[in-house]
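Asks: mind looking at a prediction? Sequence and model below.
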Amino acid sequence: APVDAGVDEAPEEDAGSPEEVAQADAGAPVETEPVEDTVPAVPAQVANVAVSIDASPAVELSLDGQRLGKTPWQGQLPPGRKVFLLQNKALGISSSRVITLRSEPVEETFTFKPGFVAVKAPEGAAIFLDGNRVGTAPIRGEIPMYEGRHKIEVHVGKSKWSEPFSLHAGQRVSFNVELQ
């Protein structure tokens, strides 16, 4: 005997052939239900972060090509990864520092220390570091320079040689230049 599961089934209605269904639906109004707004909510504006930067010796501070001022510097910046350029042209300091700003205030202090440059060049050659003449070869001993990016140039008559280089605190760099 068949088992009754307690489900009342309505008899199926014959919808007709596919062609009859298509004709019947052709002009029928379409019922729609309201759709929930699927556009995500705009996140709340993130507040700027308090930033304090100092350096010894003092430097000019720039961010994205915009001069912020001399250290010590304080200001408000939006969160994110920031690449600061710290420069003191008189002392030959040119260095980048990365700071990631989150929601909490940031205080940074950078101390720049010298490295040393030795140059061996033909007698009488003019020696320039970062565009400043430092002497005439032979130069005895080492020339102290602050860490950062630099450029050395050697001029002998009409011949010139140049090389960019980076110097770290306490590092010793030697150049042996041979020009005619």
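Replies: That came through fine. Since this is a predicted model, take the numbers as computed values, not measurements.

Asks: ok, residue 111 - contacts?
Replies: 55, 56 (Cβ atoms under 8 Å, 6 or more residues apart in numbering). The way it works is simple: take the backbone N, C-alpha and C, and place the C-beta from them, glycine included.

Asks: oh sorry, the question was meant for residue 131
Replies: 151, 153.

Asks: and it, how far from residue 153?
Replies: 8 Å (Cβ to Cβ, to the nearest Å).

Asks: what's the answer for residue 123, then?
Replies: Residue 123 is 17 Å from residue 153, by Cβ to Cβ.

Asks: the more surrounded of those two?
Replies: Between residue 123 and residue 153, counting by other Cβ atoms under 10 Å, residue 153 is the more crowded of the two (18 against 8).

Asks: can you pull up the bridge partners for the more buried one?
Replies: residue 128, residue 162 (DSSP bridges).

Asks: right, and it touches residue 161 too?
Replies: Yes. Residue 153 is in contact with residue 161 according to Cβ atoms under 8 Å; the separation is 7.1 Å.

Asks: coming back round to it: any common contacting residues for residue 131 and residue 153?
Replies: With Cβ under 8 Å, 6+ apart, residue 131 and residue 153 have no common neighbours.

Asks: for residue 103, grab phi and psi.
Replies: Phi and psi for residue 103, reported as degrees, to the nearest 10, are phi -100, psi -20.

Asks: mind listing what the most centrally placed residue in the chain touches?
Replies: Ranked by distance to the mean C-alpha position of the chain (Cα atoms, centre = their mean), the top residue is residue 83 at 4.6 Å. By Cβ under 8 Å, 6+ apart, the contact list for residue 83 reads 63, 64, 96, 97, 98.

Asks: the last one touches residue 86, doesn't it?
Replies: No. If you go by Cβ under 8 Å, residue 98 and residue 86 don't touch, sitting 11.6 Å apart.

Asks: and these two? which has more neighbours close in?
Replies: Of the pair residue 98 and residue 86, residue 86 is the one with more neighbours under other Cβ under 10 Å, namely 20 against 8.

Asks: so who does the closest residue to the more buried one other than its chain neighbours touch?
Replies: Distance criterion Cβ to Cβ, 6 or more residues apart in numbering; nearest residue to residue 86, sequence neighbours excluded, is residue 59 at 4.2 Å. With contact taken as Cβ under 8 Å, 6+ apart, residue 59 is in contact with 70, 71, 86, 87, 88, 93, 110, 112.
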